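Q: the sequence isn't on hand, but the structure is:
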């Protein structure tokens, strides 16, 4: 069974961030890994999602590259990575997402990690995640402000904190 560990996946995510096919591929695999880590004993221990991602990992690692996997690692253009190959590699992951029920805590809700087929979808998901993160920070700042009786005004770079003294 093929497997990409966290370090390999993070490296690929950074290396192919701007690639039109491998950018969405690494984003999707990273989203799957993050979801699996939070809903099971971890990416390394729950084999159904890893098996579903085998074709995607093969695409990312460059099994079809003319110079093999080693050559693919040092080829920034990666002409071997085609949109049709990405669509085919995403099919088992979409199927897993539809059928998966995580083993942790007897959960019954379906998997809800994002799957991206284009760079535009990656940008949209990342923007939504950043907005969600900002909202969480603002909510936390408000809780702290209420606790210490100060006023917090959210700003672009740094919130303004005013004490009533």
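A: Received, thanks. From a predicted model like this one, the values you see are computed outputs, not experimental measurements.

Q: let me see the domain layout of this structure.
A: The chain breaks down into these domains under automatic domain parsing: 1-117, 119-165.

Q: tell me how far the shortest one is from the chain's mean position?
A: Okay, so that is domain 119-165. 22 Å (C-alpha atoms, centre = their mean, to the nearest Å).

Q: one more: stretch 58-67?
A: 21 Å.

Q: what residues are up against the spatially most central residue of the chain?
A: With distances taken as C-alpha atoms, centre = their mean, the residue of the chain nearest its centroid is residue 31 (2.6 Å). Residue 31 makes contacts with 113-116, 125, as judged by C-beta atoms under 8 Å, 6 or more residues apart in numbering. All C-beta spots, glycine's among them, are computed from the backbone N, C-alpha and C.

Q: what about 6 Å?
A: Residues near residue 31 by C-beta atoms under 6 Å, 6 or more residues apart in numbering: 113-114.

Q: and residue 134, by the same measure?
A: Contacts of residue 134 (C-beta under 6 Å, 6+ apart): none.

Q: confirm it sits in a helix?
A: Yes. Counting by DSSP: H, G, I helix; E, B strand; the rest coil, residue 134 falls inside a helix.

Q: and the gap between it and residue 117?
A: 26 Å (C-beta to C-beta, to the nearest Å).

Q: likewise for residue 100?
A: 19 Å.

Q: for these two, indicate the residue with more neighbours.
A: residue 100 (23 against 16; other C-beta atoms under 10 Å).

Q: wait, that one sits on residue 94?
A: No. Here residue 100 does not reach residue 94: they are 10.7 Å apart, not a contact under C-beta atoms under 6 Å.

Q: show me the shaky parts of this structure.
A: 68-70, 74, 101-110, 154-165 (pLDDT under 70).

Q: many thanks, we can stop here.
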